[in-house]
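Participant: kindly generate the corresponding structure for this input.
(one chain, ligands or ions: 3)
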Amino acid sequence: MPGIVVVGAQWGDEGKGKVTDLLAERADAVVRFQGGNNAGHTIVRNGRTWKLHLIPSGILHSGKLCVIGNGVVIDPRVLTDELGELRRTGVDTSALRISANAHLIMPYHLMLDHAGEARLGKLQIGTTRRGIGPCYADKAARLGIRVQDLLDEKILKQKIIVALEPKRLSLRPYAKDPALDLQAMAEEYLTYGHRMESYTADTTRLVHEQLDAGAVVVFEGAQGALLDIDHGTYPFVTSSNPVAGAACIGAGVGPRDISEIWGVAKAYSTRVGAGPFPTEIDGPLADLLREHGGEYGTTTGRARRVGWLDLVALRYAARINSMTALAITKLDVLSGLDRLQICTGYRGAEGAEFDHFPYHQSVLHHATGEYVELEGWAEDIGECRSESDLPACARDYVSFISEFIGVPVVLLGVGPGRDQVIWTGASDHTAVAAEHATTAS
Ligand code: GDP
Ligand code: IMO
Ligand code: MG
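Facilitator: Ligands and ions are numbered 1, 2, ... in the order given. Okay, here's the model as predicted:
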């Protein structure tokens, strides 16, 4: 103890990478527990930008144990490229460990993701097309190939044959694709296996050892609560559980190993891909926020949809995660707006009002935000380092959020740089933040 979980509280891209990198400074290990390279986590340090997809956001802290847990789905081509790229730029990757039980994204998963989206046409989910859904589907169907299978050619080939059999029909358009040739696929994946071998480990045990020794372990989530396959806006979701509870399953620990749960939310909302988004805005204001906030996907480069902060959804995210602390990022992006809208309820079809996140898809699809208007601020806040440096209206905006959802705001983001943060007075509620705050002041 303690285990600290960092999760996205919206539709992803909230700034989890930056928050994890900050917490990693005082932690002993960082563990990714779900998702795959659909994630794109950005860290900006000393003017340099790092975009991580699979490797935990603690990797820039040389020698710190970084674990890719059993709950992650790994595209080994992407992972070995990411490792190579980090090494080329002088990052020490020797403390990375990969779960032997993590499932592998295979070439046919990418094809099935593409084919599935094409088949859905106008109804498509807007996936990242990285093969995530088909890989988790095979995991659930017990047809998955795991990291440990790469160490034995015979087992690997057998498992590929068994996994391909029920997919013959869907893969027919790709029948002649050389990537589907059994021998070629096995050889390619065996090569990845060799490259990953020295990193492969029983990561569950490694994490237990850390926790039992009293180390601080950060569990880094990917995506966000509203993309959760059970609790999000199904079917417009990802195929894993990005909520805090999944840290236990995706790393192999129990709920009592978790002592803090940090939700990360932007000061407004964004979403990539299709699906309901009650506070979405478009037109010149949306363009302005998108440009100010650099709202283009880290993984796919797609323009993110933008909207006002949705407190109905955020309060729901706080509850399903049992969030103990909230980090609000990108407050600086709102600078210069005269009036800020903040959603505190939904109005559905025929005027029905909702103050809870609706469980029914038809209700949610028709829901629009009911807003409270708050005064904005003109000042650039990128240099603010304490709450008292902030304009009063920015402080009011943050207090409104915290009071509405009932979770203390411990950290504010005022720019992309790792130093562009404010540790708030509430940070002494949390062990790690308190240490940071003391150092910062
Ligand atoms: P993640 O997927 O949750 O890790 O988030 P992404 O990295 O996909 O997207 C967040 C983006 O916002 C990145 O480009 C970050 O560099 C940037 N960012 C993070 N915090 C702040 C902040 O407080 N202000 C601004 N302006 N940018 C931020
Ligand atoms: P990070 O970790 C934002 C979205 C996709 C799509 C849906 C399903 O950077 O916050 P998938 O490829 O997972 O089957 O796509 O989920 N999505 C994300 N959106 N940030 C992410 O990750 C995302 N990962 C998946 O856009 O709508
Ligand atoms: Mg991202």
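Participant: sketch out the low-pLDDT regions of the stretch 201-350 of the chain for me.
Facilitator: Per-residue confidence for the stretch 201-350 of the chain (pLDDT under 70) gives no ranges below the cut-off.
Participant: mind running it again at 80?
Facilitator: The model of the stretch 201-350 of the chain has pLDDT under 80 over residues 298-300.
Participant: get me the contact residues on it for ligand 3.
Facilitator: When proximity is defined as CB under 5 Å from the ion, the stretch 201-350 of the chain approaches ligand 3 at Thr298. To be clear about C-beta, it is placed using only N, CA and C from the backbone, and glycine gets the same treatment.
Participant: where do the strands sit along the stretch 201-350 of the chain?
Facilitator: In the stretch 201-350 of the chain, the strands defined using DSSP state E, counting those that start in this stretch lie at 217-220, 258-266, 269-271, 280-281, 305-307, 309-310, 325-329, 339-347.
Participant: which other residues reach the first one?
Facilitator: Strand 217-220 is contacted by residues 2-6, 16, 20, 23-24, 27-33, 41, 56-58, 207, 210-211, 247, 251, 257-258 when judged by CB atoms under 8 Å, 6 or more residues apart in numbering.
Participant: inside helices: which ones of the residues you listed?
Facilitator: Judged by DSSP state H, the subset of those located in helices is 16, 20, 23-24, 207, 210-211, 247, 251.
Participant: and the residue in the stretch 301-441 of the chain that ligand 1 sits nearest to, how many neighbours?
Facilitator: For the stretch 301-441 of the chain, the residue positioned closest to ligand 1 under CB to the nearest ligand atom is Gly413, at a distance of 2.2 Å. Per other CB atoms under 10 Å, the neighbour tally for Gly413 reads 25.
Participant: for the nearest residue to it once chain neighbours are set aside, give me its contacts.
Facilitator: Distances taken as CB to CB, 6 or more residues apart in numbering place Thr329 nearest to Gly413, at 3.4 Å, with adjacent residues excluded. For Thr329, the contacting residues are 14-15, 18-19, 264-267, 412-413, by CB under 8 Å, 6+ apart.
Participant: which one of these sits closest to ligand 1?
Facilitator: Among the contacts of Thr329, Gly413 lies closest to ligand 1 (CB to the nearest ligand atom), at 2.2 Å.
Participant: for the top helix by length along the chain, buried residues please.
Facilitator: As assigned by DSSP H, the longest helix anywhere in the chain is helix 182-197. Neighbour-count burial for helix 182-197 flags 185-186, 189-190, 192-193, 196 (criterion: 16 or more other CB atoms under 10 Å).
Participant: ok, and the closest non-adjacent residue to Ala394?
Facilitator: In space, and not counting its chain neighbours, Ala394 is closest to Trp377: 5.1 Å by CB to CB, 6+ apart.
Participant: likewise for Gly221?
Facilitator: Per CB to CB, 6+ apart, closest to Gly221 is Val7, 3.9 Å.
Participant: show me what contacts the one you found?
Facilitator: By CB under 8 Å, 6+ apart, the residues touching Val7 are 16, 221, 224-225, 242-244, 247, 261-264, 321, 323.
Participant: so for Glu383, what's the pLDDT?
Facilitator: pLDDT, Glu383: 98.
Participant: mind listing what it touches?
Facilitator: Contacts for Glu383 (CB under 8 Å, 6+ apart) come out as 389, 414.
Participant: cool, Gly17 as well?
Facilitator: Taking CB under 8 Å, 6+ apart, we find Gly17 in contact with 41-43, 52, 57.
Participant: picking that back up, and the ones in helices among the contacts of strand 217-220 as JSON lines, adding neighbour count?
Facilitator: Formatted as JSON lines, the ones in helices among the contacts of strand 217-220 follow (neighbours: other CB atoms under 10 Å):
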{"residue": "Lys16", "neighbour count": "28"}
{"residue": "Thr20", "neighbour count": "26"}
{"residue": "Leu23", "neighbour count": "25"}
{"residue": "Ala24", "neighbour count": "25"}
{"residue": "Val207", "neighbour count": "26"}
{"residue": "Gln210", "neighbour count": "21"}
{"residue": "Leu211", "neighbour count": "22"}
{"residue": "Ala247", "neighbour count": "33"}
{"residue": "Ala251", "neighbour count": "30"}
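Participant: turn those into JSON lines, including distance to Val421.
Facilitator: Shown next, in JSON lines, are the ones in helices among the contacts of strand 217-220 (distance: CB to CB, whole Å):
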{"residue": "Lys16", "distance to Val421": "14"}
{"residue": "Thr20", "distance to Val421": "13"}
{"residue": "Leu23", "distance to Val421": "11"}
{"residue": "Ala24", "distance to Val421": "14"}
{"residue": "Val207", "distance to Val421": "27"}
{"residue": "Gln210", "distance to Val421": "26"}
{"residue": "Leu211", "distance to Val421": "27"}
{"residue": "Ala247", "distance to Val421": "23"}
{"residue": "Ala251", "distance to Val421": "26"}
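Participant: can you give me the neighbour number for the closest residue to Asp355 other than its chain neighbours?
Facilitator: Excluding the flanking residues, the one nearest Asp355 by CB to CB, 6+ apart is Gly345, at 5.0 Å. Counted with other CB under 10 Å, the neighbours of Gly345 add up to 16.
Participant: from memory Gly345 sits against Ala367, does it?
Facilitator: No. Here Gly345 does not reach Ala367: they are 9.4 Å apart, not a contact under CB atoms under 8 Å.
Participant: what do these two both touch?
Facilitator: Common neighbours of Gly345 and Ala367 (criterion: CB under 8 Å, 6+ apart): Phe354.
Participant: enumerate the residues of this structure near ligand 2.
Facilitator: Proximity of the chain to ligand 2, by CB under 6 Å from any ligand atom, involves residues 8, 11-13, 35, 38-41, 125-128, 130, 132-133, 222-224, 227, 238-239, 272-273, 298.
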